[in-house]
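A.B. asks: Predicted coordinates and the sequence they were generated for:
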Amino acid sequence: MSVGRAIRGAVGFLTRIPVGGSDADWDAFRRAAYSLPVVGYLVGSLGGGVFFPVQPPTVVAAYLGGIYLLTGVTHADGLADLGDALAVHGDADRTRAVLKDSATGVGGALLLGVTLLVMTLGVLSFAGIGSWRAFRFVVAAEVGAKLGMALVACYGRPAHDGLGAHLVGELDHRSFASALLVSLPAVAAAPDGLAVALVAAVATGPAVGLAILTWGHRELGGVSGDLLGATNEVGRALALHVGVSVWILS
């Protein structure tokens, strides 16, 4: 029952899918790091499904539109806030204030725009690789992005009170093992020697998470919900490129 509650809470928090979550679901979710990559499978499968009936370049619009219809713009907002914070030259208090500011500045617009461009080019790079391979890359990228979020939540400390602190404050490094275990099927039964490329795609999310975690601890003294969202967006975008690049070179 607690597993079901955790997954329902994760779906309700990370997507716009109406699951009718309750406070008990939310409490179960924020104590279950494994529920993050589970949602990665859901979002990746639904988003990657467009590669079967739709062909490039229309598939770019279908994929991007589908992803943001599914997940909303909360994570993208966190990415924009991170962009503004990266543009700040000041102390931790000023950087925190910029992260909390709802207005989007030049740094946020630039980082958001570049990330969307990277995603677009990543999807276009799938041309000619086949719908099934593209689908597997999209799922791996989404699972890896959520695994990156789990890493930040499990190894981070709260930068301040807020929604992110409810996750970061509840999870510890021991919780990350369950998220990693749940992510392994994303690389299983890989077709046509795709295994190494799928591993690279999944690993990109935690690599991004580690970089953002390190920055957050150094500049803010911890991590926030904005950094969790930014990890998801950057991790997904880069994973699309890393996966297909490793496959082409291998």
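C.D. replies: Everything's here; your move.
A.B. asks: List the buried residues of the helix or strand where residue 231 lies.
C.D. replies: In the assignment (DSSP states H and E), residue 231 maps to helix 225-249. Buried positions in helix 225-249, judged by neighbour count with 16 or more other Cβ atoms under 10 Å: 225-244, 246-247. (C-beta placed from N, C-alpha, C; glycine too.)
A.B. asks: Moving along the chain from the lowest-mean-pLDDT helix or strand in the chain, name the first helix or strand you hit.
C.D. replies: Confidence across the helices and strands of the chain bottoms out at helix 163-168, with a mean of 73, counting by mean pLDDT, DSSP states H and E. The C-terminal neighbour of helix 163-168 among helices and strands, as given by DSSP H and E, is helix 176-183.
A.B. asks: Report the buried residues of that following helix.
C.D. replies: 176, 178-180, 182-183.
A.B. asks: same question for the following helix or strand past it, mean pLDDT?
C.D. replies: Sequence order places helix 195-219 as the next helix or strand after helix 176-183, per DSSP H and E. Across helix 195-219, pLDDT averages out at 95.
A.B. asks: Tell me the buried residues in helix 195-219?
C.D. replies: Burial within helix 195-219, assessed by neighbour count using 16+ other Cβ under 10 Å, is assigned to 197-209, 212-213, 215-216, 219.
A.B. asks: other SSEs contacting it?
C.D. replies: Contact analysis of helix 195-219 by 3 or more Cβ pairs under 8 Å, 6 or more residues apart in numbering; DSSP states H and E lists helix 131-155, helix 225-249 as its packing neighbours.
A.B. asks: out of those helices, nearest to residue 19?
C.D. replies: The stretch from the helices and strands packed on helix 195-219 with the least distance to residue 19 (Cβ to Cβ) is helix 131-155; that distance is 16.6 Å.
A.B. asks: now the angle from the helix holding residue 231 to helix 131-155?
C.D. replies: Following axes from the mean of the first three to the mean of the last three Cα atoms, to 10 degrees, one obtains 140 degrees for the angle between helix 225-249 and helix 131-155.
A.B. asks: Take the helices and strands packed on helix 195-219 and write them to TSV, including distance to residue 171 and mean pLDDT.
C.D. replies: Below are those laid out as TSV (distance: least, Cβ to Cβ, whole Å; pLDDT from 0 to 100):
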stretch	distance to residue 171	mean pLDDT
helix 131-155	5	96
helix 225-249	11	93
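A.B. asks: Columns distance to residue 51 on top of the ones you listed, output as a markdown table?
C.D. replies: Conversion of the helices and strands packed on helix 195-219 to a markdown table gives the following (distance: least, Cβ to Cβ, whole Å):
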| stretch | distance to residue 51 |
| --- | --- |
| helix 131-155 | 4 |
| helix 225-249 | 12 |
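A.B. asks: do you know which of the ones you listed lies nearest residue 109?
C.D. replies: Of all those, helix 225-249 comes closest under Cβ to Cβ, at 13.9 Å.
A.B. asks: My guess is residue 40 contacts residue 138. True?
C.D. replies: No - using Cβ atoms under 8 Å as the test, residue 40 is too far from residue 138 to be in contact (10.3 Å).
A.B. asks: more crowded one of these two?
C.D. replies: Counting neighbours by other Cβ atoms under 10 Å for residue 40 and for residue 138 shows that residue 40 has the greater number, 33 against 29.
A.B. asks: can you pull the contacts of the more buried one?
C.D. replies: Contacts here follow Cβ atoms under 8 Å, 6 or more residues apart in numbering; on that basis residue 40 touches 139, 142-147, 183, 186.
A.B. asks: and what of residue 127?
C.D. replies: The contact partners of residue 127, taken as Cβ under 8 Å, 6+ apart, are residue 56.
A.B. asks: Contacts for stretch 65-85, please.
C.D. replies: Contacts with stretch 65-85, where a contact means Cβ under 8 Å, 6+ apart, come from 14-17, 43, 46-47, 50, 95, 98-101, 104-105, 107-112, 115, 212, 219, 225-230, 232-234.
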